[in-house]
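Student: quick one, what's the 3D model for this:
(one chain, ligands or ions: 1)
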Amino acid sequence: MPVARPEPQEPRVIAHVDMDCFYVQVEQRRNPELRGQPTAVVQYNDWKGGGLIAVSYEARKFGVKRSMRGDEAKSVCPGINLVQVPVARGKADLNLYRSAGSEVVAILASKGKCERASIDEVYLDLTDAAKEMLLQAPPYSPDQIFEEAAKSNILGLPAEYSDKEKNVRSWLCRADADYQDKLLACGAIIVAHLRVRVLEETQFTCSAGIAHNKMLAKLVSGMHKPAQQTVVPSSSVQHFLASLPVKKMKQLGGKLGSSLQDDLGVETIGDLLSFTEEKLQEHYGVNTGTWLWKIARGISGEEVEDRLLPKSHGCGKTFPGPRALKNNSSVKGWLDQLCEELSERIQSDLNQNKRIAQTLTLHARAAKVNGYGSVKKFPSKSCPLRYGTGKLQEDAMKLFEAGLHDFLDSQNTKWSITSLSVIASKIFDIPSGTSSILKYIKAPSSTATSSVPDSSTIPEDPSPDNNIYVTSIHEEQCEPSFSEKEDSTSVSAISAKQCPANEENITSKKLSEVKVTNSILKYIKDPSFTETPSIPDSSAIPEDLSPDNSTYVTPIHEEQCEPSFSEKEDGTSISAISAKRCPTHEEKRTSKKWSEVKVQEVLQMQIKLKNMVGL
Ligand code: TTP
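Tutor: As a prediction, this is how the structure comes out:
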């Protein structure tokens, strides 16, 4: 559900950067002979040459499209090179593309707040960088404009070929422009520099949109592709939106967009202008009505999040036509594979980025054989996520069974599954210090030896071996996809209610940090928890951040020890000190006392946060 946010009073400069035919470029870098050639990347599948997922601009000239299969692409473009996506566990392995995307993000993030929106696109908030340029080194003469910036497309400027570059140079240096447009001009120059750096350092081209909000930047980034950028001056917003088909707008591609067309006869964003805010609210509720009213005027207050890492991890596989899965054992076989990959990815996120995923969700597409035209969807199911491949596999299968049970509605009929995916979401950073708690939990040798824990002992499985947690499965309301939108939408829905100043993201993150720390500490303090598990309160997220092995818990003693750890956030240095002091028990005491210190900190933080959100 879209949520209207007030647009900040201060002018902003936001860029949306999108890589050009990304998987193809990654493959062209691996094999330079493919450069400049009609090329497509095909999904692992031998049916009709596999499905195309990325198509080079050279191949697009021949009419090759992503919706085609390899055989069809060859028929329209006989010279096309088809490159298979790397395969692991019988499905596409996207790691190569993910890490190529990270290379680009690292460069783009150097100039301002950066939000990784997908495998190949980011948002940048360049307001500060643009303001600085305007103060320190504003563009002053058309001749001095850097060539890539001079190639920008400026909406509303006459674009006749001979004059285009001259017009752009003049526009970027206009002394009589308003402050917002002067900032946008600086933003365009900064983005052009960034794009050149991306090309030089990664060999990838990208395209970009530069505007005063995310919505407009995203809408125009793909307008001139490949390797170009488009700027939206404030004076061009209304004209641009007037003829924009509603379905092109983020969040209007689905039911809401269809309802606008069918129920209100709205075909373009401009058509929305004829409705009052009240009228739109009458039809779609207060929030959505206001959001629609605002987007029609180019207003969107959505912030660029400071996030270089993905919001969720998902692994999926489709089983079209005769490949559909028709029994539990084939579903289990595939879920095991998907969970194996998911487990590797969340584990590496935990090890490298100290991030923990809280929720496991299973999505599937299913049909009833002889289902007499039933259109019921396979319900998505979620549960608290337990780390460890075996546990993920076990839980995913339980989610599947729960979903199938609801899907079949007690009918004793055959079924077939045409897609399966598992998603790890609600990912947050472990508060500094907590990782060291987990380190102590995990290291089974911590009682016996005084050695310094190895930093690699971040837990492989900070989850309880407790089936009761898995049974607390609830229906997910979201669409079965990995899109970032869903998560951010639900966050913003809360934030609109609780905290209009956009603090909910921060607040909810901090609250969950508190809860995590509490929950970890609870388990540290309660060695018996594995024997007497209780059904978790769903509000107390996440309850599953505890070790699955009581031997890791019991070593923590109730003994006194120098409380000299408050400044120590790093478990390694603590244990190094304690190892020197007391070769037998010191390390255990240290962990315990340190965790007490953390409890104090956490309680204080909790009080602050409660005050902040008015709980
Ligand atoms: P896109 O950014 O949608 O497209 P693209 O980068 O291939 O081409 P463009 O220049 O038009 O932006 O997708 C990024 C990558 O994501 C794409 O190279 C392949 C992958 N992808 C899929 O695997 N399946 C899909 O359905 C889509 C849309 C993309």
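Student: name the residues of the stretch 201-350 of the chain found near the ligand, please.
Tutor: Within the stretch 201-350 of the chain, the residues that sit near the ligand (CB under 6 Å from any ligand atom) are 225-226. Using the backbone N, CA and C atoms, a C-beta is placed for each residue, glycine as well.
Student: next: the chain.
Tutor: 18-23, 53-54, 119-120, 225-226.
Student: are any of those buried, and if so which?
Tutor: 18-23, 54, 120, 225-226 (16 or more other CB atoms under 10 Å).
Student: want to throw the residues of the chain next to the ligand into CSV with pLDDT?
Tutor: Listed next are the residues of the chain next to the ligand as CSV, based on pLDDT from 0 to 100:
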residue, pLDDT
Asp18, 98
Met19, 98
Asp20, 98
Cys21, 98
Phe22, 98
Tyr23, 98
Ile53, 94
Ala54, 97
Ile119, 93
Asp120, 96
Lys225, 95
Pro226, 96
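Student: which of these fall in strands?
Tutor: 18-19, 53-54 (DSSP state E).
Student: most widely separated two among these?
Tutor: Taking CB to CB, the two most distant members of those are Asp18 and Ile53; they sit 15.6 Å apart.
Student: and the closest residue to Leu385 other than its chain neighbours, what's its pLDDT?
Tutor: Nearest non-adjacent residue to Leu385, counting by CB to CB, 6 or more residues apart in numbering: Leu360, 4.1 Å away. In this model, Leu360 is scored at 98, pLDDT.
Student: Gln84 - how many residues pack around it?
Tutor: 15 (other CB atoms under 10 Å).
Student: and the gap between it and the ligand?
Tutor: 13 Å (CB to the nearest ligand atom, to the nearest Å).
Student: and if you look at Leu338?
Tutor: From Leu338 to the ligand the distance is 16 Å (CB to the nearest ligand atom).
Student: quick check, that residue in contact with Ile423.
Tutor: No - contact criterion CB atoms under 8 Å: Leu338 and Ile423 do not qualify, at 9.9 Å.
Student: what is in contact with the two at once?
Tutor: Contact criterion CB atoms under 8 Å, 6 or more residues apart in numbering; residues shared by Leu338 and Ile423: Cys315.
Student: and the gap between whatever residue of the stretch 151-300 of the chain ends up closest to the ligand and Ser75?
Tutor: Nearest residue of the stretch 151-300 of the chain to the ligand: Lys225, at 5.2 Å (CB to the nearest ligand atom). Relative to Ser75, Lys225 is positioned 25 Å away (CB to CB, to the nearest Å).
Student: and Lys332, by the same measure?
Tutor: For Lys332 relative to Ser75 (CB to CB), the value is 39 Å.
Student: looking at these two, which is more packed in?
Tutor: Lys332 (16 against 12).
Student: return the set of buried residues in the helix or strand harbouring that one.
Tutor: Element membership of Lys332, judged by DSSP states H and E, is helix 328-353. Going by neighbour count (16+ other CB under 10 Å), the buried part of helix 328-353 is 331-332, 334-347, 349-350.
Student: follow-up on the earlier one: need the buried ones among the residues of the chain next to the ligand in a markdown table with distance to Ile190, can you?
Tutor: Converted to a markdown table, these look like this (distance: CB to CB, whole Å):
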| residue | distance to Ile190 |
| --- | --- |
| Asp18 | 17 |
| Met19 | 18 |
| Asp20 | 20 |
| Cys21 | 24 |
| Phe22 | 22 |
| Tyr23 | 27 |
| Ala54 | 28 |
| Asp120 | 20 |
| Lys225 | 20 |
| Pro226 | 20 |
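Student: farthest-separated two in those?
Tutor: Tyr23 and Lys225 (15.1 Å).
Student: circling back to that earlier point, once you drop chain neighbours, what's closest to the residue of the stretch 151-300 of the chain closest to the ligand?
Tutor: Ser207 (4.7 Å).
Student: next up, phi/psi of Ile417, please.
Tutor: phi -110, psi 130 (degrees, to the nearest 10).
Student: any idea how far it is from Val3?
Tutor: Ile417 is 34 Å from Val3, by CB to CB.
Student: between these two, who's got more neighbours?
Tutor: Counted by other CB under 10 Å, Ile417 and Val3 do not tie: Ile417 has more neighbours, with 25 against 21.
Student: show me what contacts that one?
Tutor: Contacts of Ile417 by CB under 8 Å, 6+ apart are 319, 324-326, 331, 364-366, 378.
Student: let's go with 6 Å and repeat that
Tutor: Contacts for Ile417 (CB atoms under 6 Å, 6 or more residues apart in numbering) come out as 325, 331, 364, 366.
Student: now the helices for the stretch 51-200 of the chain?
Tutor: For the stretch 51-200 of the chain, the helices defined by DSSP state H, counting those that start in this stretch occupy 57-60, 70-76, 95-108, 127-136, 147-150, 161-172, 179-202.
Student: of these, which is nearest Pro233?
Tutor: Of all the helices of the stretch 51-200 of the chain, helix 179-202 comes closest under CB to CB, at 5.2 Å.
Student: need the CA coordinates for the helix or strand following the closest one. CSV is fine.
Tutor: Per DSSP H and E, helix 179-202 leads on to strand 206-211 as the next helix or strand towards the C-terminus. C-alpha atoms of strand 206-211 as CSV (Å, rounded to 0.1, in the frame of the first residue of the first chain):
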residue,chain,number,x,y,z
CYS,A,206,25.1,2.5,-16.6
SER,A,207,22.3,5.0,-17.1
ALA,A,208,20.9,7.5,-14.6
GLY,A,209,18.0,9.7,-13.7
ILE,A,210,18.6,12.9,-11.7
ALA,A,211,15.7,14.7,-10.1
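Student: and strand 206-211, which strands flank it?
Tutor: strand 14-19 (antiparallel), strand 229-231 (parallel) (DSSP bridges).
Student: among those strands, which is the most enclosed?
Tutor: strand 229-231 (a mean of 28; mean count of other CB atoms under 10 Å).
Student: show residues contacting that strand.
Tutor: Contacts for strand 229-231 (CB under 6 Å, 6+ apart): 152-154, 184, 188, 191, 208-210, 220, 223-224.
Student: next one: stretch 155-172
Tutor: Looking at what lies outside stretch 155-172 - CB under 6 Å, 6+ apart - the contacts are 139, 142, 145, 150, 152, 154, 185, 232-233, 236, 240.
Student: tell me which residues of that stretch come out buried.
Tutor: Buried-residue list, stretch 155-172, by 16+ other CB under 10 Å: 155, 157, 164, 167-169, 171-172.
Student: what pLDDT does the model give Ile458?
Tutor: At Ile458, pLDDT is 30.
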